[in-house]
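okay, predicted coordinates and the sequence, questions at the end:
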Amino acid sequence: MTQEGRKRQIEKALTARLERPEAERPSLPLMWSRPNNVEKYFPVIDLPVEVPLLWADSHRIRAELEAPKYEFVRKEKTTDAAQEALRELWKRAHRKFDKLKESLDVEGQTEPGVITREGILINGNTRLVALRELGKQWIRVAVLDSDVRPVELADLELRLQVRETGHDTYRLSNELLFIHEMKSEYKRADKQIARQLNWTPSRPAVGEKKVELYRRMLLLIREMQHRDPRLPITFFDDEEGGSGKLQQLKELEQRYHELITSGDTSAANLLLDTWLVVARCGFASVHQIRAVTRRDNFVDDFLLPRLGEQPLFGDNAEALVRSRRDDVQTPPGVDDLGVGPSDNHEQSAYDLQSLVAMVEAADDERLSIPGSDGKRVAADHVKAAIRSAVQGALRDHRAEDRAEDALDAPVDALRKAAREIRKALDTYRELRGTKEFERQVRGAFEYQFRHLRKNVAALGELIAGKGASGSRR
């Protein structure tokens, strides 16, 4: 159907409506910004289901449309190919599409959608998809004025979102983008956006702070996408409508903001990269992610040792995280004070960008392992090794977190280390020389032994008063 044909169908239905008795002319009341946020009535008509066009600019699917494969949809919008892609997107956008479809089949359409004079369906897109799948012939819609403006459509969508929260709320990513657009394009104040979203209306200041937080979280996601171009914004959505990803983002944004505010940009970037590696490996629960957001030395103490245990990496583990410790220069005069590099310098010694890229690689790619003289390995094997290391690091962190006591930690750690070394000695005596040990475990065992010797030597120097109190090995 052509654009002109679509408009003629709508005008014909509007004319037919006017010819009916006034009591048989249904209308839909909507709050409207012109002239002064008053309730306005719009005519309701029935249209053949093939007339309306699915809305490509809705914020309910805005995040999904960021994917590169939908670039043509953003450009074309009304072509048959674009409309077919939109059909799939709108169907997936509703978490309970099958129940909605069943309800429409049994009860019929109970509330009208909203359409422009050009035939763009502003509200009711998922219902249209369901009605078409059911083989229904008609959809009921309220028709907007011909001079409707984009900002009025945005306001209308925002109001309808609030009104219909009991049906199916927007996913977090789309909500973030909606708030950003209201702020950046339509110059709405945070307080006004919070009021339109009906966020804590009895405490406006709380709603305003929530909008500000959501805007900061979107900026954080954009920074993460800059560091990981393959990261879709939809990664931060909870498919079942939960709040786990939202809580993770809040905690990550808080820690990132603290580091940036303190001027430690390197540590802030390391935090984001570490979070990306852990989360994109599939460890996305709030408790797992807290190992990263609440532990500044997660890479050094947990992830790096576990990477070294992987036969695929071994001694190349340091190169994998691109350690730059040798590049860290102690400022003049610091040695005279008897202290070593600061924790900030320690954190900046790592750059996990290579690790992030490996985690995001397609399974059929072949990757070069840093420090391995150009050796290329199937990406799925590399990703499996990284995931195994992350899993072990999270397990180690959880065990330590449970047992740690601030005052007795050094003594307890040495007691535990002594016990574990005796255990390692006994088991090594039994397994040394066996085919399975030599083939499967020898590399990881020797790597950890070398790591242990370095740390024992560093501890000895520190006890003797020779080592720098703030340095690590």
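Thanks, I have the structure now. Predicted model, so just to flag it, every value in this text is computed and none were measured. Numbering: from 1, shown residues only.

is residue 200 in a helix, a strand, or coil?
Secondary structure assignment for residue 200 (DSSP: H, G, I helix; E, B strand; the rest coil): coil.

please renumber so the chain begins at 5
Got it, first residue is 5 now, which makes that one residue 204.

send the alpha carbons of stretch 248-261 over as PDB?
In PDB, the C-alpha atoms belonging to stretch 248-261 read as follows (Å, rounded to 0.1, in the frame of the first residue of the first chain):
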ATOM      1  CA  GLY A 248      19.700  -7.700  38.900                       C
ATOM      2  CA  LYS A 249      21.400  -5.800  36.000                       C
ATOM      3  CA  LEU A 250      20.100  -2.500  37.300                       C
ATOM      4  CA  GLN A 251      21.700  -3.200  40.700                       C
ATOM      5  CA  GLN A 252      25.000  -4.200  39.100                       C
ATOM      6  CA  LEU A 253      25.000  -0.900  37.100                       C
ATOM      7  CA  LYS A 254      24.300   1.100  40.200                       C
ATOM      8  CA  GLU A 255      27.200  -0.400  42.100                       C
ATOM      9  CA  LEU A 256      29.600  -0.200  39.100                       C
ATOM     10  CA  GLU A 257      28.700   3.400  38.400                       C
ATOM     11  CA  GLN A 258      29.200   4.300  42.100                       C
ATOM     12  CA  ARG A 259      32.700   2.800  42.200                       C
ATOM     13  CA  TYR A 260      33.700   4.200  38.800                       C
ATOM     14  CA  HIS A 261      32.500   7.600  39.900                       C
END
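
buried set for that stretch?
In terms of neighbour count (16 or more other CB atoms under 10 Å), stretch 248-261 has its buried residues at 249-250, 252-257, 259-260. The way it works is simple: take the backbone N, C-alpha and C, and place the C-beta from them, glycine included.

just stretch 131-146 next, same as before
So, applying 16+ other CB under 10 Å, buried residues of stretch 131-146: 131-135, 140, 143-146.

next: stretch 231-251.
Quick answer for stretch 231-251 (16+ other CB under 10 Å): 232, 235-237, 239-241, 249-250.

single out whichever of the residues you listed has the smallest pLDDT.
The pLDDT minimum for those sits at residue 249, where the score is 87.

ok, it touching residue 242?
Yes: the criterion here is CB atoms under 8 Å, and residue 249 meets it with residue 242 at 5.1 Å.

out of the buried residues of stretch 131-146, who's nearest residue 384?
Residue 384 has its nearest neighbour among the buried residues of stretch 131-146 in residue 133, at 35.8 Å by CB to CB.

so that closest one makes contact with residue 91?
Yes: between residue 133 and residue 91 there is a contact under CB under 8 Å: 5.5 Å.

overlap in contacts of these two?
Shared contacts of residue 133 and residue 91, defined by CB atoms under 8 Å, 6 or more residues apart in numbering, comprise residue 58.

ok, now how distant is the residue nearest to residue 369 when sequence neighbours are not counted from residue 243?
Excluding the flanking residues, the one nearest residue 369 by CB to CB, 6 or more residues apart in numbering is residue 383, at 4.2 Å. To residue 243, residue 383 is 26 Å away according to CB to CB, to the nearest Å.

and residue 93, by the same measure?
Between residue 93 and residue 243 the distance is 15 Å, computed by CB to CB.

again with residue 184
For residue 184, the distance to residue 243 - CB to CB - is 22 Å.

same thing with residue 423?
On the measure of CB to CB, residue 423 and residue 243 end up 44 Å apart.

list the contacts for residue 441?
Here residue 441 is in contact with 435, 449 (CB under 8 Å, 6+ apart).

kindly recompute the last result at 10 Å.
Applying CB atoms under 10 Å, 6 or more residues apart in numbering, we find residue 441 in contact with 431-432, 434-435, 449.

so it lies in a strand, does it not?
No: looking at residue 441 with three-state DSSP, it is helix, so not inside a strand.

what's the domain layout of this structure?
If you go by automatic domain parsing, the domain ranges for the chain are 7-154, 247-408+445-467.

quick one, which of those domains gets closest to residue 202.
It's domain 7-154; of the domains of the chain, that one is closest to residue 202 (CB to CB) at 12.3 Å.

regarding the closest one, how distant is the last residue from the first?
Domain 7-154 has its terminal residues 19 Å apart, counting by CA to CA, to the nearest Å.

just for the stretch 255-404 of the chain, where's the confidence low?
Residues of the stretch 255-404 of the chain that meet the criterion pLDDT under 70 lie in 327-352.

same thing but 80
Scanning the stretch 255-404 of the chain for pLDDT under 80 picks out the ranges 288, 326-353, 375-378.

the helices in it, which residues?
Along the stretch 255-404 of the chain, counting by DSSP state H, counting those that start in this stretch, helices occupy 269-284, 290-297, 302, 308-313, 321-324, 347-351, 357-364, 383-407.

got the contact list for the fifth one?
In this case it means helix 321-324. Residues outside helix 321-324 that contact it (CB under 10 Å, 6+ apart): 307-314, 316-318, 327, 329, 354, 356, 358-359, 362, 373-376, 386, 389-390, 393, 451, 455.

and with 6 Å instead?
Contacts of helix 321-324 with the rest of the structure, by CB atoms under 6 Å, 6 or more residues apart in numbering, involve 308, 311-312, 317, 374-375.

likewise the fourth one?
Among residues not part of helix 308-313, those counted as contacts by CB under 6 Å, 6+ apart are 317, 321, 324, 393, 396-397, 448, 451.

repeat for the shortest one
Residues external to helix 302 that are found in contact with it (CB under 6 Å, 6+ apart): 278, 295-296.

try 10 Å
In contact with helix 302 (CB under 10 Å, 6+ apart) are residues 274-275, 278-279, 282, 295-296, 308, 397-398, 400-401.

what about the closest residue to residue 374 other than its chain neighbours, neighbour count?
Counting by CB to CB, 6+ apart, residue 374 lies nearest to residue 323, which is 4.0 Å off, once chain neighbours are set aside. Residues lying near residue 323 (other CB atoms under 10 Å) number 14.
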